[in-house]
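**Student:** fold the following, please.
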Amino acid sequence: MPAVPFTADDTARLQETLQEVVADGATPGGVVVCGTVDGQRQVLTAGVIASELGDAVPTDATVYDVASLTKVIATWPLVGQAAQAGLLDVDAPVRDALPVMSGEAPSGEATVRQLLAHIAGLRAATRLDHYRGADAPLHELLCREPLEEAPGRHRYINRGYILLGLALAHVHGRPLDVLAGELWQSMGLRSMVYGPVGRGPQVAPTEQRIPGAPRIWGAAHDDNAALMGGVAGHAGVFSTPRDLAVYARELLAAYAHGGSLGDWLRVSLVPQAEIEPGLGRGLSWILTAGGHVAYHHGFTGTSLYLAPDAGRYLVICTNALYHGPARTRIAPLRTLAMKTISATRRPEALNG
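**Tutor:** Below is the predicted model:
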(Lines give C-alpha, C1' and ligand atoms only; values in the text may rest on other atoms or scores of the structure.)
Protein backbone atom coordinates (compact mmCIF):
# COMPACT_ATOMS: atom_id res chain seq x y z
CA MET A 1 0.00 0.00 0.00
CA PRO A 2 1.26 3.51 -0.76
CA ALA A 3 2.52 5.70 2.05
CA VAL A 4 0.48 8.68 3.19
CA PRO A 5 2.24 11.72 1.70
CA PHE A 6 2.80 14.97 3.50
CA THR A 7 0.73 17.65 1.81
CA ALA A 8 1.83 21.14 0.84
CA ASP A 9 -0.33 22.45 3.70
CA ASP A 10 1.45 20.09 6.12
CA THR A 11 4.90 21.35 5.21
CA ALA A 12 3.77 24.99 5.07
CA ARG A 13 2.42 24.80 8.62
CA LEU A 14 5.56 23.06 9.85
CA GLN A 15 7.76 25.69 8.18
CA GLU A 16 5.71 28.52 9.66
CA THR A 17 5.79 27.05 13.16
CA LEU A 18 9.53 26.35 12.96
CA GLN A 19 10.09 29.98 11.99
CA GLU A 20 7.83 31.14 14.81
CA VAL A 21 9.67 29.23 17.54
CA VAL A 22 12.96 30.61 16.22
CA ALA A 23 11.55 34.15 16.16
CA ASP A 24 10.26 33.71 19.71
CA GLY A 25 13.78 32.84 20.90
CA ALA A 26 13.07 29.17 21.58
CA THR A 27 16.11 28.04 19.60
CA PRO A 28 18.74 29.70 17.40
CA GLY A 29 17.52 27.58 14.50
CA GLY A 30 16.39 24.15 13.54
CA VAL A 31 15.68 21.56 10.90
CA VAL A 32 12.57 19.48 10.24
CA VAL A 33 12.67 16.54 7.85
CA CYS A 34 9.42 14.82 6.91
CA GLY A 35 9.21 11.92 4.55
CA THR A 36 7.77 8.55 3.64
CA VAL A 37 9.00 5.02 3.20
CA ASP A 38 8.57 5.27 -0.57
CA GLY A 39 10.92 8.23 -0.94
CA GLN A 40 9.12 11.51 -0.31
CA ARG A 41 11.47 13.75 1.65
CA GLN A 42 11.30 17.44 2.45
CA VAL A 43 13.77 19.45 4.50
CA LEU A 44 12.60 22.59 6.30
CA THR A 45 15.03 24.98 8.00
CA ALA A 46 14.95 28.24 9.91
CA GLY A 47 17.29 30.52 11.84
CA VAL A 48 21.01 30.04 12.35
CA ILE A 49 23.09 27.30 13.94
CA ALA A 50 24.34 29.56 16.74
CA SER A 51 25.51 33.13 17.23
CA GLU A 52 29.09 31.83 17.53
CA LEU A 53 28.86 30.82 13.88
CA GLY A 54 27.47 34.09 12.57
CA ASP A 55 24.93 33.76 9.79
CA ALA A 56 25.56 30.05 9.13
CA VAL A 57 22.19 28.40 8.66
CA PRO A 58 21.34 24.87 9.78
CA THR A 59 20.91 22.20 7.13
CA ASP A 60 20.18 18.49 7.11
CA ALA A 61 23.97 18.05 7.42
CA THR A 62 24.27 19.99 10.69
CA VAL A 63 25.38 17.80 13.59
CA TYR A 64 23.19 17.84 16.71
CA ASP A 65 23.49 16.31 20.17
CA VAL A 66 20.37 14.13 20.02
CA ALA A 67 20.41 13.31 23.75
CA SER A 68 17.79 10.67 24.64
CA LEU A 69 17.15 9.75 21.02
CA THR A 70 20.20 7.60 21.81
CA LYS A 71 17.75 5.21 23.46
CA VAL A 72 15.92 4.48 20.20
CA ILE A 73 18.76 4.82 17.68
CA ALA A 74 21.46 2.92 19.59
CA THR A 75 20.34 0.92 22.62
CA TRP A 76 16.94 -0.22 21.36
CA PRO A 77 18.06 -1.68 18.01
CA LEU A 78 21.16 -3.24 19.58
CA VAL A 79 19.05 -4.94 22.26
CA GLY A 80 16.86 -6.32 19.49
CA GLN A 81 19.88 -7.66 17.62
CA ALA A 82 21.33 -9.22 20.77
CA ALA A 83 18.02 -10.84 21.67
CA GLN A 84 17.58 -12.29 18.20
CA ALA A 85 21.16 -13.62 18.32
CA GLY A 86 20.48 -15.33 21.64
CA LEU A 87 22.96 -13.14 23.52
CA LEU A 88 20.36 -11.90 25.97
CA ASP A 89 16.81 -12.69 26.98
CA VAL A 90 14.46 -9.71 27.23
CA ASP A 91 12.51 -11.43 29.99
CA ALA A 92 15.54 -12.38 32.08
CA PRO A 93 17.13 -10.21 34.77
CA VAL A 94 19.64 -7.76 33.36
CA ARG A 95 22.25 -9.10 35.81
CA ASP A 96 22.34 -12.25 33.68
CA ALA A 97 23.84 -10.16 30.87
CA LEU A 98 26.42 -8.44 33.09
CA PRO A 99 29.65 -9.59 34.74
CA VAL A 100 28.99 -11.99 37.60
CA MET A 101 28.07 -10.39 40.92
CA SER A 102 27.81 -12.13 44.25
CA GLY A 103 25.16 -11.30 46.79
CA GLU A 104 22.01 -9.24 46.48
CA ALA A 105 21.53 -6.89 43.54
CA PRO A 106 17.91 -5.67 43.70
CA SER A 107 18.09 -3.42 40.65
CA GLY A 108 19.89 -6.16 38.74
CA GLU A 109 16.78 -8.33 39.03
CA ALA A 110 14.91 -5.97 36.68
CA THR A 111 14.32 -7.61 33.33
CA VAL A 112 15.54 -6.19 30.05
CA ARG A 113 11.89 -5.70 29.03
CA GLN A 114 11.16 -3.73 32.20
CA LEU A 115 14.18 -1.53 31.64
CA LEU A 116 13.25 -0.85 28.03
CA ALA A 117 9.70 0.10 29.05
CA HIS A 118 10.71 2.18 32.09
CA ILE A 119 8.65 0.00 34.46
CA ALA A 120 11.41 -1.62 36.54
CA GLY A 121 10.88 0.40 39.72
CA LEU A 122 14.49 1.64 39.80
CA ARG A 123 15.54 4.83 41.52
CA ALA A 124 14.30 7.76 39.46
CA ALA A 125 17.24 10.08 40.02
CA THR A 126 20.43 9.15 38.21
CA ARG A 127 23.58 10.84 39.56
CA LEU A 128 26.68 8.98 38.50
CA ASP A 129 28.79 11.68 40.12
CA HIS A 130 27.81 10.10 43.45
CA TYR A 131 29.87 7.08 42.44
CA ARG A 132 33.13 9.01 42.00
CA GLY A 133 35.93 7.20 43.80
CA ALA A 134 33.94 3.99 44.28
CA ASP A 135 35.87 0.72 44.27
CA ALA A 136 33.20 -1.42 42.57
CA PRO A 137 32.48 -1.26 38.81
CA LEU A 138 29.54 0.82 37.62
CA HIS A 139 27.27 -2.10 36.72
CA GLU A 140 27.61 -3.47 40.23
CA LEU A 141 26.98 -0.12 41.87
CA LEU A 142 23.82 0.34 39.83
CA CYS A 143 22.57 -3.20 40.35
CA ARG A 144 23.05 -3.07 44.10
CA GLU A 145 20.83 0.01 44.41
CA PRO A 146 17.49 -0.76 46.09
CA LEU A 147 14.29 -0.44 44.10
CA GLU A 148 12.12 2.58 44.82
CA GLU A 149 8.93 0.64 44.17
CA ALA A 150 7.68 -2.67 42.82
CA PRO A 151 7.98 -3.04 39.06
CA GLY A 152 4.98 -2.17 36.92
CA ARG A 153 4.36 1.58 37.01
CA HIS A 154 5.80 3.76 34.26
CA ARG A 155 8.48 6.21 35.36
CA TYR A 156 11.01 7.56 32.87
CA ILE A 157 14.42 6.52 34.23
CA ASN A 158 17.83 6.86 32.59
CA ARG A 159 19.74 4.42 34.78
CA GLY A 160 17.93 1.47 33.19
CA TYR A 161 19.36 2.38 29.80
CA ILE A 162 22.80 2.89 31.31
CA LEU A 163 22.56 -0.71 32.54
CA LEU A 164 21.40 -1.88 29.11
CA GLY A 165 24.37 -0.18 27.46
CA LEU A 166 26.74 -1.89 29.88
CA ALA A 167 25.00 -5.23 29.26
CA LEU A 168 25.32 -4.90 25.50
CA ALA A 169 29.03 -4.22 25.77
CA HIS A 170 29.46 -7.23 28.05
CA VAL A 171 27.55 -9.82 26.01
CA HIS A 172 29.35 -8.76 22.84
CA GLY A 173 32.73 -8.23 24.47
CA ARG A 174 33.10 -4.93 22.64
CA PRO A 175 32.41 -1.27 23.51
CA LEU A 176 28.96 0.17 22.99
CA ASP A 177 30.14 2.85 20.57
CA VAL A 178 31.79 0.21 18.38
CA LEU A 179 28.61 -1.89 18.30
CA ALA A 180 26.48 1.12 17.47
CA GLY A 181 28.94 2.31 14.84
CA GLU A 182 28.79 -1.03 13.05
CA LEU A 183 24.99 -0.93 13.06
CA TRP A 184 24.87 2.61 11.70
CA GLN A 185 27.48 1.91 9.05
CA SER A 186 25.39 -1.03 7.83
CA MET A 187 22.51 1.42 7.33
CA GLY A 188 24.69 4.00 5.58
CA LEU A 189 24.52 6.43 8.51
CA ARG A 190 27.95 8.01 8.30
CA SER A 191 27.25 11.05 10.48
CA MET A 192 25.59 9.21 13.38
CA VAL A 193 28.26 8.75 16.04
CA TYR A 194 28.90 8.77 19.74
CA GLY A 195 30.64 11.95 20.82
CA PRO A 196 32.65 13.90 21.42
CA VAL A 197 32.66 15.24 17.89
CA GLY A 198 34.66 18.41 18.46
CA ARG A 199 33.76 22.01 17.82
CA GLY A 200 33.19 23.01 14.25
CA PRO A 201 31.06 25.06 11.88
CA GLN A 202 28.65 22.16 11.26
CA VAL A 203 28.18 21.25 14.93
CA ALA A 204 25.37 22.90 16.88
CA PRO A 205 26.41 24.12 20.36
CA THR A 206 24.07 23.56 23.29
CA GLU A 207 24.12 25.13 26.74
CA GLN A 208 26.32 27.72 28.41
CA ARG A 209 26.15 26.59 32.01
CA ILE A 210 28.32 29.28 33.57
CA PRO A 211 28.14 32.90 32.35
CA GLY A 212 31.38 33.84 30.64
CA ALA A 213 32.49 30.22 30.29
CA PRO A 214 32.68 28.30 27.01
CA ARG A 215 29.45 26.76 25.79
CA ILE A 216 29.04 22.97 25.57
CA TRP A 217 29.88 22.28 21.95
CA GLY A 218 30.53 18.88 20.42
CA ALA A 219 30.45 17.06 23.76
CA ALA A 220 27.48 15.32 25.39
CA HIS A 221 25.25 17.74 27.27
CA ASP A 222 23.98 14.97 29.55
CA ASP A 223 26.04 14.92 32.75
CA ASN A 224 25.88 11.15 33.22
CA ALA A 225 26.87 10.44 29.63
CA ALA A 226 29.73 12.91 29.97
CA LEU A 227 30.99 11.06 33.06
CA MET A 228 30.99 7.88 30.96
CA GLY A 229 33.22 9.45 28.34
CA GLY A 230 30.26 10.34 26.13
CA VAL A 231 29.27 6.72 25.51
CA ALA A 232 26.17 5.53 27.34
CA GLY A 233 22.96 3.67 26.67
CA HIS A 234 20.72 6.63 27.48
CA ALA A 235 22.49 9.58 25.80
CA GLY A 236 25.67 10.63 24.04
CA VAL A 237 24.90 10.20 20.32
CA PHE A 238 25.29 12.97 17.75
CA SER A 239 23.58 12.91 14.38
CA THR A 240 22.53 14.98 11.42
CA PRO A 241 18.86 15.38 10.54
CA ARG A 242 19.68 13.58 7.28
CA ASP A 243 20.90 10.46 9.06
CA LEU A 244 17.95 10.45 11.45
CA ALA A 245 15.66 10.58 8.42
CA VAL A 246 17.50 7.71 6.73
CA TYR A 247 17.29 5.71 9.96
CA ALA A 248 13.55 6.38 10.21
CA ARG A 249 13.02 5.29 6.62
CA GLU A 250 15.00 2.10 7.27
CA LEU A 251 12.71 1.30 10.21
CA LEU A 252 9.60 1.93 8.14
CA ALA A 253 10.89 -0.25 5.30
CA ALA A 254 11.73 -3.05 7.72
CA TYR A 255 8.27 -2.76 9.26
CA ALA A 256 6.66 -3.02 5.82
CA HIS A 257 8.78 -5.81 4.41
CA GLY A 258 9.63 -7.93 7.45
CA GLY A 259 12.95 -9.25 8.62
CA SER A 260 14.61 -9.10 12.01
CA LEU A 261 14.51 -5.32 12.43
CA GLY A 262 10.90 -5.13 11.29
CA ASP A 263 9.92 -7.92 13.66
CA TRP A 264 11.66 -6.14 16.54
CA LEU A 265 9.84 -2.90 15.74
CA ARG A 266 6.47 -4.66 15.66
CA VAL A 267 7.14 -6.32 19.01
CA SER A 268 8.27 -2.99 20.43
CA LEU A 269 5.02 -1.26 19.46
CA VAL A 270 3.00 -3.49 21.77
CA PRO A 271 2.07 -1.36 24.83
CA GLN A 272 3.87 -2.33 28.03
CA ALA A 273 2.53 0.39 30.32
CA GLU A 274 0.27 3.42 30.36
CA ILE A 275 1.98 6.78 30.78
CA GLU A 276 -1.33 8.67 30.87
CA PRO A 277 -4.68 8.21 29.14
CA GLY A 278 -4.08 7.94 25.41
CA LEU A 279 -0.30 7.66 25.83
CA GLY A 280 1.55 4.39 26.34
CA ARG A 281 5.05 2.99 26.38
CA GLY A 282 6.20 0.13 24.23
CA LEU A 283 9.76 -1.13 24.26
CA SER A 284 11.58 2.23 24.28
CA TRP A 285 9.05 4.03 22.08
CA ILE A 286 6.17 6.23 23.31
CA LEU A 287 2.91 5.16 21.66
CA THR A 288 -0.08 7.33 20.81
CA ALA A 289 -2.87 7.76 18.24
CA GLY A 290 -4.24 4.34 19.11
CA GLY A 291 -0.82 2.80 18.72
CA HIS A 292 -0.37 4.12 15.17
CA VAL A 293 2.35 6.61 16.09
CA ALA A 294 5.61 5.93 17.93
CA TYR A 295 8.00 8.66 18.98
CA HIS A 296 10.76 9.76 21.30
CA HIS A 297 12.20 13.12 22.35
CA GLY A 298 15.71 14.28 23.20
CA PHE A 299 16.31 16.77 26.01
CA THR A 300 18.40 19.03 23.81
CA GLY A 301 15.44 19.76 21.51
CA THR A 302 15.25 16.78 19.17
CA SER A 303 12.40 14.42 18.26
CA LEU A 304 11.79 11.39 16.05
CA TYR A 305 8.26 10.33 15.03
CA LEU A 306 7.16 7.21 13.14
CA ALA A 307 3.76 6.29 11.74
CA PRO A 308 4.61 2.76 10.56
CA ASP A 309 1.21 1.77 9.14
CA ALA A 310 1.09 5.00 7.13
CA GLY A 311 4.73 4.76 6.08
CA ARG A 312 5.70 8.26 7.25
CA TYR A 313 8.27 9.80 9.57
CA LEU A 314 9.15 13.21 10.93
CA VAL A 315 12.45 14.42 12.42
CA ILE A 316 13.03 17.56 14.49
CA CYS A 317 16.55 18.75 15.25
CA THR A 318 17.14 21.92 17.26
CA ASN A 319 19.64 23.08 19.85
CA ALA A 320 16.93 24.71 21.94
CA LEU A 321 18.98 24.26 25.11
CA TYR A 322 21.09 27.11 23.77
CA HIS A 323 18.50 29.44 25.32
CA GLY A 324 17.30 27.33 28.25
CA PRO A 325 14.80 24.50 28.85
CA ALA A 326 14.06 22.97 25.46
CA ARG A 327 10.90 21.09 26.38
CA THR A 328 8.72 24.14 26.96
CA ARG A 329 10.30 26.38 24.37
CA ILE A 330 9.74 24.18 21.33
CA ALA A 331 6.44 22.69 22.52
CA PRO A 332 4.42 24.35 19.71
CA LEU A 333 6.60 22.68 17.09
CA ARG A 334 6.38 19.28 18.74
CA THR A 335 2.61 19.63 19.13
CA LEU A 336 2.20 20.37 15.43
CA ALA A 337 4.56 17.55 14.49
CA MET A 338 2.42 15.12 16.47
CA LYS A 339 -0.77 16.39 14.87
CA THR A 340 0.77 16.18 11.40
CA ILE A 341 2.27 12.70 11.73
CA SER A 342 -0.99 11.42 13.21
CA ALA A 343 -2.99 12.34 10.10
CA THR A 344 -2.51 8.85 8.79
CA ARG A 345 -5.39 8.35 6.40
CA ARG A 346 -4.24 6.81 3.17
CA PRO A 347 -5.04 8.37 -0.22
CA GLU A 348 -7.72 5.77 -0.99
CA ALA A 349 -9.45 6.62 2.31
CA LEU A 350 -9.52 10.29 1.36
CA ASN A 351 -11.26 9.43 -1.91
CA GLY A 352 -13.77 7.07 -0.33
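
**Student:** could you pull out the strands for the stretch 251-352 of the chain?
**Tutor:** Taking DSSP state E, counting those that start in this stretch, the strands of the stretch 251-352 of the chain run over residues 273-276, 279-281, 286-288, 293-298, 302-307, 312-318.

**Student:** and among those strands, the most buried is which?
**Tutor:** Mean neighbour count, computed with mean count of other C-beta atoms under 10 Å, is highest for strand 312-318 among the strands of the stretch 251-352 of the chain, reaching a mean of 30. To be clear about C-beta, it is placed using only N, CA and C from the backbone, and glycine gets the same treatment.

**Student:** one step back: out of the strands of the stretch 251-352 of the chain, flag the one nearest Cys34.
**Tutor:** strand 312-318 (4.7 Å; C-beta to C-beta).

**Student:** report the mean per-residue pLDDT for that closest one.
**Tutor:** Per-residue pLDDT over strand 312-318 has a mean of 98.

**Student:** got the angle for it vs strand 293-298?
**Tutor:** Relative orientation of strand 312-318 and strand 293-298, computed by axes from the mean of the first three to the mean of the last three C-alpha atoms, to 10 degrees: 10 degrees.

**Student:** which residues of the stretch 51-200 of the chain fall in helices?
**Tutor:** If DSSP state H, counting those that start in this stretch is used as the criterion, the helices of the stretch 51-200 of the chain fall at 70, 76-84, 112-116, 138-143, 159-172, 176-186.

**Student:** hmm, who's touching the shortest one?
**Tutor:** When you say that, I think you mean helix 70. Applying C-beta atoms under 8 Å, 6 or more residues apart in numbering, the external contacts of helix 70 come out as 161, 225, 232-237, 298.

**Student:** hang on, the earlier thing: right, and the strands of the stretch 251-352 of the chain - which one's nearest Val48?
**Tutor:** strand 312-318 (11.7 Å).

**Student:** pLDDT below threshold where in the stretch 201-350 of the chain?
**Tutor:** Within the stretch 201-350 of the chain, the segments meeting pLDDT under 70 span 344-350.

**Student:** surely Pro175 meets Ala169?
**Tutor:** Yes. If you go by C-beta atoms under 8 Å, Pro175 and Ala169 touch, sitting 5.6 Å apart.

**Student:** settle it for me: which of the two has more neighbours?
**Tutor:** Ala169 (21 against 15; other C-beta atoms under 10 Å).

**Student:** quick one, what contacts that one?
**Tutor:** Ala169 is in contact with 175-176, 179, counting by C-beta under 8 Å, 6+ apart.

**Student:** ok, now with 7 Å
**Tutor:** Counting by C-beta atoms under 7 Å, 6 or more residues apart in numbering, Ala169 makes contact with 175-176.

**Student:** Arg127 now?
**Tutor:** Residues near Arg127 by C-beta under 7 Å, 6+ apart: none.

**Student:** give me the mean pLDDT for stretch 81-96.
**Tutor:** Mean per-residue pLDDT for stretch 81-96: 98.

**Student:** quick one: terminal-to-terminal distance for it?
**Tutor:** 17 Å (C-alpha to C-alpha, to the nearest Å).

**Student:** the most centrally placed residue in the chain: what's it in contact with?
**Tutor:** By C-alpha atoms, centre = their mean, the mean C-alpha position of the chain lies nearest to Leu69, the distance being 1.3 Å. Contacts for Leu69 were tallied using C-beta under 7 Å, 6+ apart; they are 237, 296, 298, 302, 304.

**Student:** what's the separation between the third one and Ala235?
**Tutor:** Going from Gly298 to Ala235 by C-beta to C-beta, to the nearest Å gives 8 Å.

**Student:** which residues are in contact with both of the two?
**Tutor:** Shared contacts of Gly298 and Ala235, counting by C-beta under 7 Å, 6+ apart, come down to 67-68.

**Student:** what about the helices in the stretch 251-352 of the chain?
**Tutor:** Counting by DSSP H, counting those that start in this stretch, the helices of the stretch 251-352 of the chain are 260-268, 326-329, 331-341, 347-351.

**Student:** looking at those, which is closest to Ala219?
**Tutor:** helix 326-329 (17.1 Å).

**Student:** which outside residues touch the closest one?
**Tutor:** 21, 26-27, 299-301, 320, 323.

**Student:** before we move on, what about stretch 204-212?
**Tutor:** So stretch 204-212 is in contact with 49-50, 52, 58, 62-65, 215-217, 221, 300, 319, 321-322, going by C-beta under 7 Å, 6+ apart.

**Student:** and Val57, how many neighbours?
**Tutor:** Neighbours of Val57 (other C-beta under 10 Å): 13.

**Student:** residues touching it, list them.
**Tutor:** 29, 45, 48.

**Student:** separation between the residue nearest to Trp285 when sequence neighbours are not counted and Leu336?
**Tutor:** Excluding its sequence neighbours, the residue lying closest to Trp285 (C-beta to C-beta, 6 or more residues apart in numbering) is Ala294, at 3.9 Å. Here Ala294 is placed at a distance of 18 Å from Leu336 (C-beta to C-beta).
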